[in-house]
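Visitor: fold the following and give me the result.
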Amino acid sequence: MSLSEAIAMVEAAGYRVSRPRPAAVRSTGRGLNAIGKPYSPQFDPRYRMKYRTPPIKGGGSIGRGVTPEQWVEMCKVAAEEWAKFMAGGAT
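Guide: Predicted structure coming up:
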C-alpha cells in the first residue's frame, strides 16, 4: 500500500490527515544546541508562533516622558547628592 492509498483510506474513514513535511524542511545536519548536545528529532528550526505575545503592561512610568536634557540634569543632581553623602563620613 502506498502513502497516497493509505491517506485516501484514512480520509474516507472521516479523519483529517496531515501530510508529511517536505524534505526541504526536514534537515538532518542540525548540529549542536547551545549546551553542546544534538537537537532532538522533534526540533523544528523554522517553527514560528501562530500568535504574537501581548505587550507587557504596567511597570510604571520609569524613563517615559523624560527628555535627554532632563536626564542629564537628574544625573548631575544625583552625582552631587552622592558626593555629599560620601563626604559626610559614610563607610
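Visitor: pLDDT weak spots in this structure?
Guide: Flagging of the chain using pLDDT under 70 yields the residue ranges 17, 19-30, 56-64, 89-91.
Visitor: how about the helices in it?
Guide: Taking DSSP state H to define them, one finds helices in the chain at 3-12, 68-87.
Visitor: can you list these in JSON lines and add distance to Y51 and mean neighbour count?
Guide: Backbone N, C-alpha and C define where each C-beta goes, glycine included. Converted to JSON lines, those look like this (distance: least, CB to CB, whole Å; neighbours: other CB atoms under 10 Å):
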{"stretch": "helix 3-12", "distance to Y51": "29", "mean neighbour count": "11"}
{"stretch": "helix 68-87", "distance to Y51": "36", "mean neighbour count": "10"}
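Visitor: of those, which is nearest Y47?
Guide: Each of these has some distance to Y47 by CB to CB; the shortest is helix 3-12, at 23.7 Å.
Visitor: how far off centre is stretch 80-91?
Guide: In terms of CA atoms, centre = their mean, to the nearest Å, the centre of stretch 80-91 is set 43 Å apart from its chain centre.
Visitor: now stretch 70-83
Guide: Centre-to-centre, stretch 70-83 and its host chain are 36 Å apart (CA atoms, centre = their mean).
Visitor: what's in contact with that stretch?
Guide: Stretch 70-83 has contacts (CB atoms under 8 Å, 6 or more residues apart in numbering) with V66.
Visitor: just to revisit the earlier point, would you format the helices of the chain as a markdown table with distance to I35 included?
Guide: Below are the helices of the chain laid out as a markdown table (distance: least, CB to CB, whole Å):
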| stretch | distance to I35 |
| --- | --- |
| helix 3-12 | 37 |
| helix 68-87 | 40 |
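Visitor: can you say which of those is nearest to K37?
Guide: Per CB to CB, nearest to K37 of these: helix 3-12, 32.4 Å.
Visitor: that closest one - contacts with which helices or strands?
Guide: Using 3 or more CB pairs under 8 Å, 6 or more residues apart in numbering; DSSP states H and E as the contact test, no helix or strand touches helix 3-12.
Visitor: run a quick neighbour tally on Y39.
Guide: Close neighbours of Y39, defined as other CB atoms under 10 Å, add up to 13.
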